[in-house]
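> Let me see the structure of the following:
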Amino acid sequence: MQFLRSLLFNIQMYLAMPVIGILFLPWALVSRRGAHAGCHAYAGYVIWSARWMVGLRCEVRGTPPTQGPVIVAAKHQSFLDILMIYHAIPRGIFIMKDILKYAPVIGQYGLRLGCIPVKRGQRGVAIKKMLDDVASGRQRGGQLIIYPQGTRVAPGVSKPYKIGTAAIYDQMAQPVYPVAANVGVFWPKRGVTRKPGVAVIDFLPPIEPGLSKQDFIKRLEHDIETASDALLDEARFQRDTGQFDRSA
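Prediction:
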């Protein structure tokens, strides 16, 4: 039954994307505020429909930054944390995979928001372009969202933090808000089923400018991983097996 509910939820979620995109398109074409409004509407809709269709509630903890410019460095486990983080802040702008700019609706709205596409591979070239794009003013005074591990990482899986986040931190001299998450427990990286429960993202205390790149990345990884592990424990997720502890 949960699989069927999840399937219906996924279908309507993706159908809603072009519908909301078209509804907000006229405003988005003339104003960046319209693009943000459309994306907030879609994120809010998915969060709302997940609650009653598959029993998945979304909870935001900590204090999201509401004044920019700042940097948000987040744990990335599934599409849901993208929506939750974006919905929690007023003017989120993502550093996103270059291929996404060609995706219907997502690509057009992403570019309209000022998101920064980055190609994978050729790390030095990619980082330089990313820094140039950020410095050129494409951030537009919003909250720049980056995933330090560079991709979705399943709960309980270890993956190194990339140097690009430290390079941005060093160049921009702005506070960095780490964000922990457990959303991958309920909305996995792959697959159809969405599990009932409470998906949490937690905005942690900001890391102020002034640290060396090495000290920053160590602090960022420690803060995010420690808090994310605590959220996994709260969700009764066994990190060694990748399964729920249903006897707890």
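
> check which helix or strand covers the residue nearest to the spatial centre of the chain.
With distances taken as CA atoms, centre = their mean, the residue of the chain nearest its centroid is Ile82 (3.1 Å). Under the criterion DSSP states H and E, the helix or strand holding Ile82 is helix 79-88.

> Are we agreed that Tyr42 is in a helix?
Yes - Tyr42 forms part of a helix when assessed by DSSP: H, G, I helix; E, B strand; the rest coil.

> From what I see, Ala35 and Ala28 are in contact.
Yes - A contact is recorded between Ala35 and Ala28 when judged using CB atoms under 8 Å, the distance being 4.0 Å. (C-beta placed from N, C-alpha, C; glycine too.)

> Now do the shared contacts for those two.
Taking CB atoms under 8 Å, 6 or more residues apart in numbering as the contact criterion, the common neighbours of Ala35 and Ala28 are 109, 112.

> Output the below-cut-off pLDDT ranges for this protein.
Within the chain, the set of residues satisfying pLDDT under 70 comprises 120-131, 133-141, 238-248.

> Helices of that one, residue ranges please.
Secondary structure of the chain (DSSP state H): helices located at 2-30, 32-54, 79-88, 106-113, 123-133, 163-172, 213-234.

> Asp98: which of those is closest?
helix 123-133 (8.8 Å; CB to CB).

> and the gap between the nearest residue to Lys119 once chain neighbours are set aside and Glu225?
Nearest residue to Lys119, sequence neighbours excluded (CB to CB, 6 or more residues apart in numbering): Asp98, at 4.3 Å. Separation of Asp98 from Glu225 (CB to CB, to the nearest Å) stands at 27 Å.

> Tell me which of those two has more neighbours.
Between Asp98 and Glu225, counted using other CB atoms under 10 Å, Glu225 has the larger neighbour count: 16 against 13.

> and that one, what does it touch?
Taking CB under 8 Å, 6+ apart as the test, Glu225 contacts no residue whatsoever.

> Which residues does the helix holding Ile82 contact?
39-40, 42-44, 46-47, 50, 58, 60, 64, 72, 74-76, 92, 94, 145, 179, 181, 183-184, 186-187, 199, 201, 203.

> Please repeat the previous calculation with a cut-off of 7 Å.
Surrounding helix 79-88, the residues in contact under the criterion CB atoms under 7 Å, 6 or more residues apart in numbering are 39-40, 43-44, 46-47, 58, 60, 64, 72, 74-75, 92, 145, 179, 181, 183, 187, 199, 201.

> Of those residues, grab the buried ones for PyMOL.
To isolate the buried members of the contacts of helix 79-88 in PyMOL, using 16 or more other CB atoms under 10 Å:
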select buried, resi 39+40+43+46+47+58+60+64+72+74+75+92+145+179+181+183+187+199+201
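
> Next, the closest residue to Gly184 other than its chain neighbours: phi, psi?
Spatial nearest neighbour of Gly184, excluding adjacent residues (CB to CB, 6+ apart): Gln77 at 2.9 Å. In this entry, Gln77 is assigned phi and psi values of phi -120, psi -20 (degrees, to the nearest 10).

> Tell me which residues touch Gln77, please.
Applying CB under 7 Å, 6+ apart, we find Gln77 in contact with 152-155, 181, 183-184, 189.

> Restricted to strands, list the residues you listed.
Using DSSP state E, the members of the contacts of Gln77 that fall within strands are Ala181.

> neighbours around Gly210, how many?
Gly210 has 10 neighbouring residues, counting by other CB under 10 Å.

> Equivalent analysis for the one 5 residues further on, please.
One way to gauge burial is a neighbour count; for Asp215, by other CB under 10 Å, it gives 12.
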